[in-house]
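Following is a predicted model, sequence given first.
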Amino acid sequence: MKKSMLVFLTLGILSACTSTRITSSWRESNKELAINNLNKVLVVALFKNETSRRKAEDDMVSYLEGKGVVSYEYLNNNFNKKDMEAVRNKIRQDGFDGAVTMRLLDVDKETVYSRGSIDNYPHYYHSFSGYYYRNWGFYNNPGYYFSTKTYTVETNVYSIKEDRIIWTGITETVNPDGVDKMMNEITKVVYKTMINEGFIKK
């Protein structure tokens, strides 16, 4: 009974684990950003779910030291989001230096079978009486199925003045434990990568 409980507790812990990693990134050669020198940066999360969108934008803005502006407040319903020229002109006129976008590219769901394990034969297995007394079933752990979900998110950084992309990265998050935690992990990983690559200068 105790062993069965341990197996279920272990599975519960594993299924709750979240892992975010960056799988690829690119930046314009020798391009660097100093946050202190920026005026304003527009942060746009292109997620269908409004909660996910707001959480992602809020988390990214928190790394921009007061220079970030969330799109859910700036690009309101009175603004024509489908007019590309209008978007470009408005952002420039309002003094934005850059923009950061986040977009969900894919959600991959996979069912995995984990084989059961059979412990090494105990010393009393060699006699029938010992085997019968201790019950062989206690040493046989059945296999089980579990599902994994991998969320792939693309993050881009654009220069508004130069009107071009200057950094891009792809992250993968496995089995996220809620939207809040996933968005927090993604923004942390992306920001850390930018720092490590020398793209952002403190």
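Yep, it's here. Bear in mind the structure is a predicted one, so any value in this text is a computation, not a measurement.

Could I get the contacting residues of G98?
33, 38, 41-42, 157-160, 166 (C-beta atoms under 8 Å, 6 or more residues apart in numbering). C-beta: built from backbone N, CA, C; applies to glycine.

Nearest spatial neighbour of it, chain-adjacent residues omitted?
Nearest residue to G98, sequence neighbours excluded (C-beta to C-beta, 6 or more residues apart in numbering): V41, at 4.9 Å.

still on that earlier bit, closest one of the contacts of G98 to G198?
Using C-beta to C-beta, L33 comes nearest to G198 of the contacts of G98, at 9.9 Å.

neighbours around that closest one, how many?
Applying other C-beta atoms under 10 Å, we find 20 residues neighbouring L33.

Could you do S25 as well?
S25: 17 neighbours (other C-beta under 10 Å).

I figured the residue nearest to G98 hits G66, correct?
No. Counting by C-beta atoms under 8 Å, V41 sits too far from G66 to count as a contact (10.2 Å).

These two: who's more crowded?
Using other C-beta under 10 Å as the criterion, V41 and G66 rank with V41 on top: 23 against 9.

what's that one sitting at in phi/psi?
Main-chain torsions, V41, degrees, to the nearest 10: phi -130, psi 120.
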